[in-house]
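Student: Using only what follows, build the 3D model:
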Amino acid sequence: MGKINLENTINEDTMKLATSRMKRRLERIYLGGGKKKIEKQHSKGKLTARERIEYLLDQDSDFFEIGAFAGFEMYEEHGGAPAGGVVMGLGHVSKKLCMIVANDATVKAGAWFPITGKKNLRAQEIVMENKIPIIYLVDSAGVFLPLQDEIFPDKEHFGRIFRNNAILSSMGIPQISAIMGSCVAGGAYLPIMSDEALIVEGTGSIFLAGPYLVKAAIGEEVDKETLGGAHTQSNISGVTDYVMKDDKEALDTIKDLVGKMSNQFDAGINREQSIPPSRNPEDLYQIFPNDATKPYNTYELLDCIIDEDSLTEYKKDFGKTIICGYARIDGWSVGIVANNRKVVKNAKGEMQFGGVIYSDSADKATRFILNCNQKKIPLVFMHDVSGFMVGKRSEHGGIIKDGAKMVNAVSNSTVPKFSIVVGNSYGAGNYAMCGKAYDPNLIVAWPSAKIAVMGGKQAAKVLAQIQMSSLKAKGENPDPEKEKELFEKIKSRYDKQTTAYYAAARLWVDAIIDPVDTRSIISLGISMANNAPIEKFNVGVIQT
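Tutor: Modelled structure (predicted):
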């Protein structure tokens, strides 16, 4: 008993330290360009991006920030880009769940880095899929010119945002923009392609080319206000719809506009009275092991997240390396697909490794996903997967075909999907468990998450073996010390690239979260998804 308690304590300390480290990093990110830049923003009579969002939200509304780690450690040679220079997330405005996107002018005057564009596109993708209003709080100097080739011309670059503005409008999804600072060049299209645009007097300006570029291009001298200030763009050009005296009046007006909107969409996802989990969510700290290779009881993890006594397990004694079942989370009906991390025996008495997807597990998960689509029940994927089983027996048993069926079902699934990466998410297992490429409505990671083709140790072994074999083929005898040095070098690089921070910096996940918030974030996601009607499901070519 003492050994179990000691292990739980080590697990708890490890996860709490990882979560604390994550929160400390977030605190630095929340400062944007730093205290001096914040003071400069205030001296102009402007609120910061985060202050604007806080003022806009209902008093009792939480804010689920998406992409806070975007750009993390990616642009150090340019001075960094905390949160990618733009703050975005989900919160309630006038009792309606909205996506809010606010340029952070303390970071390079709100300039657009490549990751800024990717982050904005993710916001629009979520809005399109879930049919919720989007609010843009614009304060940006435009594209970050030193990296213009990485943000300007391609399909998923800057121009895609304006294309999405038009698509959102055609879908009837409300878009409101407030011009609260600079709005220059191509960026000027975003607020004006929204349904309604507000501009703040004295600080807001919008034009295709600023005074310096106008002089360089056509020799005309004109000041900023005359060229594109609030009076010009509202009273002369009619480009903007409302003139606001300051930030707060603009935000109050947005609240009023949102408050008068009708609820246009409803998916009708089943929900009953919420019942607390059977275990305290803080027990998650003790359950998840400090060593990712150790097994643990996934059912205990689920007991901290789902409503008490709500799990109805599907094919319990078949395909045991994946747990499938109907449950409720905060009253919402959900289908759970979770990797079972315990070593199990199949019906033939054969041992199966925990966290590995075998043919029978893939078959079970496929059928369960089909059932959830048939019943219009949202899916929740809990990742801790090493991949599909390999080897002669698995290949002879058709593991590729069974895996393809599962991937097909996930790909064609039309119900809302939510992915929680709690541990490993390796190889094709990431795909089958609804990784980022498979359009989850939200995908989040615990600080313990690792996402890659394979683990760092395995990858280093493979790559080192390849390089040593290459030397042998050339007639050279590999030096064991050099082989060890090469292994450690590859492993170190690979380990860094598998972390939750590396993934979040590149928006492979929407956020890194405290494990105790898992339940509330899934509930928020389903509440968001409930705005969009669920389309008819078609499994595609591969049948089960």
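Student: ranges for the helices of the stretch 201-350 of the chain?
Tutor: 211-218, 224-228, 230-231, 247-259, 284-287, 298-303 (DSSP state H, counting those that start in this stretch).
Student: so how far is the first one from its chain's centroid?
Tutor: The gap between where helix 211-218 is centred and where its chain is centred comes out at 40 Å by Cα atoms, centre = their mean, to the nearest Å.
Student: now residue 224: how far from residue 143?
Tutor: Distance, residue 224 to residue 143, by Cβ to Cβ, to the nearest Å: 19 Å. The way it works is simple: take the backbone N, C-alpha and C, and place the C-beta from them, glycine included.
Student: In terms of neighbours, single out the busier of those two.
Tutor: residue 143 (23 against 14; other Cβ atoms under 10 Å).
Student: ok, the more buried one - contacts?
Tutor: 111, 112, 151, 152, 158, 185, 186, 187 (Cβ atoms under 8 Å, 6 or more residues apart in numbering).
Student: Neighbour-wise, which one of those leads?
Tutor: residue 112 (30 neighbours).
Student: Just give the number of residues close to residue 473.
Tutor: 8.
Student: Please apply the same query to residue 123.
Tutor: 22.
Student: ok, now which ones touch residue 79?
Tutor: Contacts of residue 79 by Cβ under 8 Å, 6+ apart are residue 108.
Student: could you measure it against residue 108, distance?
Tutor: 7 Å.
Student: Same question for residue 117.
Tutor: 14 Å.
Student: same deal with residue 533?
Tutor: According to Cβ to Cβ, residue 533 and residue 108 sit 40 Å apart.
Student: Who has more neighbours out of the two?
Tutor: Shown here are residue 533 and residue 108; by other Cβ under 10 Å, residue 108 has more neighbours (21 against 12).
Student: quick one on the thing from earlier: residue 361: which of the helices of the stretch 201-350 of the chain is closest?
Tutor: Counting by Cβ to Cβ, residue 361 lies closest to helix 298-303 out of the helices of the stretch 201-350 of the chain; the figure is 12.7 Å.
Student: what sits against residue 388?
Tutor: 356, 357, 358, 362, 394, 399, 403, 427, 428, 429, 432 are the contacts of residue 388 under Cβ under 8 Å, 6+ apart.
Student: Narrow the residues you listed to those in helices?
Tutor: In helices, defined here by DSSP state H, the members of the contacts of residue 388 are 362, 394, 399, 403, 427, 428, 429, 432.
Student: Show me which pair in these is furthest apart.
Tutor: Of all pairs in the ones in helices among the contacts of residue 388, the most separated under Cβ to Cβ is 394 and 432 at 14.4 Å.
Student: Those two: which has the busier surroundings?
Tutor: Higher neighbour count among residue 394 and residue 432: residue 432, with 33 against 17, using other Cβ under 10 Å.
Student: for the stretch 201-350 of the chain, what are the low-confidence residue spans?
Tutor: 264 (pLDDT under 70).
Student: Residue 42 - that's part of a helix, no?
Tutor: Yes: using DSSP: H, G, I helix; E, B strand; the rest coil, the assignment for residue 42 is a helix.
Student: Looking at per-residue confidence, what score does it get?
Tutor: Looking at residue 42, its pLDDT is 97.
Student: Give me the three-state assignment for residue 98.
Tutor: strand.
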